[in-house]
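> okay, here's the prediction I keep looking at, along with the sequence it came from:
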Amino acid sequence: MKVKKGTKLAKVLGKTDFMVNSFHHQLIKKVAPDLIESAVAPDGVPEGVENKAGTVIGVQWHPEMLHRNPDTAFMNNLFKFVINNAK
């Protein structure tokens, strides 16, 4: 998967190219006008979106299943982002 450089998602994760466990029952067909596509799978499926302010991030892969693996422990940064920005 590729995360677009300069996005909040790239800043939070600290990486822009990595493998994810992407399996979908449903998926984003078209990104809403108020959102930015911040990550995309090799097949063109949007895997990450965020608002222009960078205060909202959404992902379609399953970071909760990856956070304990040493190779993908950077997924914990997503959870830290949510906790630190909860209001």
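Yes, it's here.

> just the helices in this protein please.
For the chain, the helices defined by DSSP state H cover 8-13, 76-85.

> how about CSV for those, with mean pLDDT added?
Shown next, in CSV, are these (pLDDT from 0 to 100):
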stretch, mean pLDDT
helix 8-13, 97
helix 76-85, 93
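
> output those helices as a markdown table; include the columns mean neighbour count and distance to Gly54.
Glycine gets a C-beta too; all of them are placed from N, C-alpha and C. Shown next, in a markdown table, are those (neighbours: other C-beta atoms under 10 Å; distance: least, C-beta to C-beta, whole Å):
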| stretch | mean neighbour count | distance to Gly54 |
| --- | --- | --- |
| helix 8-13 | 20 | 3 |
| helix 76-85 | 13 | 10 |
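
> and the strands in this protein?
Here the chain has its strands, by DSSP state E, at 2-3, 35-40, 46-51, 57-59.

> of the ones you listed, flag the one that's most buried.
Mean neighbour count (mean count of other C-beta atoms under 10 Å) peaks for strand 46-51 among these, with a mean of 22.

> so what strands line up beside that one?
strand 35-40 (antiparallel), strand 57-59 (antiparallel) (DSSP bridges).

> can I get those in TSV including distance to Ala86 and mean pLDDT?
Shown next, in TSV, are these (distance: least, C-beta to C-beta, whole Å; pLDDT from 0 to 100):
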stretch	distance to Ala86	mean pLDDT
strand 35-40	20	96
strand 57-59	13	94
